[in-house]
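Q: Take a look and give me a structure for this.
(chains A and B)
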Amino acid sequence: MEVDKGKGEAEETRKVAEADRDTVTLKSSDGKLFEVSKEAAARLSTVLAGMIAGGSIDDNGTDLKQIGSEALENVVDYCNKHANSIPSAALISSSISFNTAPFKEPEEWERKFVDRLSHDALFDLVEAANFLGMERLLDVTCHKISEMMKGKSPDQIREVFNIKNDYTKEELEEIRQELAWAFYDD
Amino acid sequence: MPSSSAHRHHKKLRPSAPATRDWTTLPRDVLLTVFLKLEPREILRGADHVCEAWRHVTLREPVLWRHIDMGRADLSQCCAAMRRGAGQCESFAACWDSNASLRFLVKGAPSLKSLHLCDANTSFAALQVPPEA
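A: Numbering: from 1, shown residues only, chains lettered A, B, ... in the order given. All right, here's what the predicted structure looks like:
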């Protein structure tokens, strides 16, 4: 790759070309390239919006070292296919905070979008959405995760997420005590 | 490949491997977003006891306990939820059969704006707020 070679004219030409394009190229941790609508990326991801505005988008593929190709494909898919119906990430995050966030239920296509994912893919996608500041995608993936916990006991939840019980018997007893204890704690 | 990504290598790039992700390592903000979509009583019954990392979030985020609907959960659970709210609880609803004191509401939820209780046996006298000091 010609990473440091094109610092001169070629670099300038490339930057101009990049500014004119209506897509940006993103590169996953394992080196795969994905094209995403620039407008959608900027609208749905605060991080990509910042990179686009700051000119740190690379025509050869902007490195996203935190995100594997499967997750990035899902991110790009989400942006490209469904961008039109989703409000701007910047708009959402500036107007609400966690506790007051009026969560809009996932739409039908959003449900389907996350329902088809394996647990691993869901995990990677929620991390990617978080990393890229994609408020709505984060909300939709977190909604899916919360549904996987609903109505389940701690043991059942551990089973769903393949989590080892890291509590000792003593600690579990302590947790139980907390609830009993609360009764007298006024 | 830069060395900074080396530590992540074990859990990436394996699309067809069996479940390998460690859900206890989800970022705190993500867990908080997930838990905010659960009823407080749901958290107490499940996620809270799953592992240390998750419990760390449920114990330290009063925002999770602002709007509490405990359903028929017992008083000890109501108190636990209230205490985690660290005085920030704004609405509380519950239904229980005891004749127990509701003093914990007065002391534990100074910002309470909405209260919904449904049980004829409940001691509403206990709700009398003491005169301002």
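
Q: drop to CA atoms for contacts and neighbour counts, all remaining ones
A: Will do.

Q: mind listing the strands for chain B?
A: If DSSP state E is used as the criterion, the strands of chain B fall at B:67-69, B:91-94, B:114-117.

Q: Go through the ones you listed and name the closest to chain A.
A: The closest approach between chain A and any of the strands of chain B, judged by Cα to the nearest Cα, belongs to strand B:67-69 at 9.4 Å.

Q: so what does that closest one touch, helix or strand wise?
A: For strand B:67-69, the elements it packs on are helix B:40-45, strand B:91-94, judged by 3 or more Cα pairs under 8 Å, 6 or more residues apart in numbering or on different chains; DSSP states H and E.

Q: Now tell me which helix or strand of chain A has the poorest mean pLDDT.
A: Least confident helix or strand of chain A, by mean pLDDT, DSSP states H and E, is helix A:89-95 with a mean of 49.

Q: Count the neighbours of residue A:159 for me.
A: 13 (other Cα atoms under 10 Å in any protein chain shown).

Q: buried residues in the worst-scoring helix or strand of chain B on mean pLDDT?
A: When the helices and strands of chain B are compared on mean pLDDT, DSSP H and E, helix B:103-108 comes out lowest with a mean of 78. Using 16 or more other Cα atoms under 10 Å in any protein chain shown as the burial criterion, the residues of helix B:103-108 that qualify are B:103-106, B:108.

Q: so which of those also contact chain A?
A: Of the entries in these, those that also sit close to chain A under the rule Cα under 8 Å from any Cα of the partner chain are B:103-104.

Q: for the least confident helix or strand of chain B, packing partners?
A: Packed against helix B:103-108 by the contact rule (3+ Cα pairs under 8 Å, 6+ apart) you find helix B:75-84.

Q: So which other helices or strands are in contact with the helix it packs on?
A: Under the contact criterion of 3+ Cα pairs under 8 Å, 6+ apart, the helices and strands touching helix B:75-84 comprise helix A:169-184, helix B:40-45, helix B:52-60, helix B:103-108.

Q: Which residue, other than its chain neighbours, is closest to the residue nearest the centre of chain A?
A: Residue closest to the average C-alpha location in chain A (Cα atoms, centre = their mean): residue A:129, at 0.8 Å. Closest residue to residue A:129 in three dimensions, ignoring its sequence neighbours and counting by Cα to Cα, 6 or more residues apart in numbering or on different chains: residue A:138, at 5.3 Å.

Q: Go ahead and report the secondary structure state at the one you found.
A: Applying DSSP: H, G, I helix; E, B strand; the rest coil to residue A:138 yields a three-state assignment of helix.

Q: hey, which of the helices and strands packed on helix B:75-84 is tucked in deepest?
A: Burial among the helices and strands packed on helix B:75-84, expressed as mean neighbours by mean count of other Cα atoms under 10 Å in any protein chain shown, is greatest for helix B:40-45, which shows a mean of 22.

Q: ok, is that one in contact with chain A or not?
A: Yes. Where contact is defined by Cα under 8 Å from any Cα, part of helix B:40-45 touches chain A, namely B:42, B:45.

Q: where in chain B is pLDDT low?
A: B:1-19, B:96-101, B:119-133 (pLDDT under 70).

Q: near chain A, which residues of it show up?
A: Selection of chain B residues close to chain A by Cα under 8 Å from any Cα yields B:5, B:12-13, B:15, B:19-24, B:26-27, B:30, B:33-38, B:42, B:45-52, B:63-64, B:66, B:75-77, B:79-80, B:103-104, B:107.

Q: let's see 6 Å
A: Within reach of chain A by Cα under 6 Å from any Cα of the partner chain, chain B has these residues: B:21, B:34, B:46, B:49-51, B:76-77, B:79-80, B:104.

Q: how about low-confidence regions in chain A?
A: For chain A, the stretches with pLDDT under 70 are A:1-20, A:82-103, A:179-186.

Q: Tell me where it has helices.
A: Residue ranges of the helices in chain A, as given by DSSP state H, are A:9-20, A:38-44, A:46-53, A:69-82, A:89-95, A:108-115, A:119-131, A:135-149, A:154-161, A:169-184.

Q: what angle do the fourth one and helix A:119-131 make?
A: Interaxial angle of helix A:69-82 relative to helix A:119-131 (axes from the mean of the first three to the mean of the last three Cα atoms, to 10 degrees): 70 degrees.

Q: Pipe the strands of chain B into a markdown table and attach mean neighbour count and distance to residue A:26 per row.
A: Formatted as a markdown table, the entries for the strands of chain B read as follows, by neighbours: other Cα atoms under 10 Å in any protein chain shown; distance: least, Cα to Cα, whole Å:
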| stretch | mean neighbour count | distance to residue A:26 |
| --- | --- | --- |
| strand B:67-69 | 21 | 41 |
| strand B:91-94 | 18 | 45 |
| strand B:114-117 | 12 | 48 |
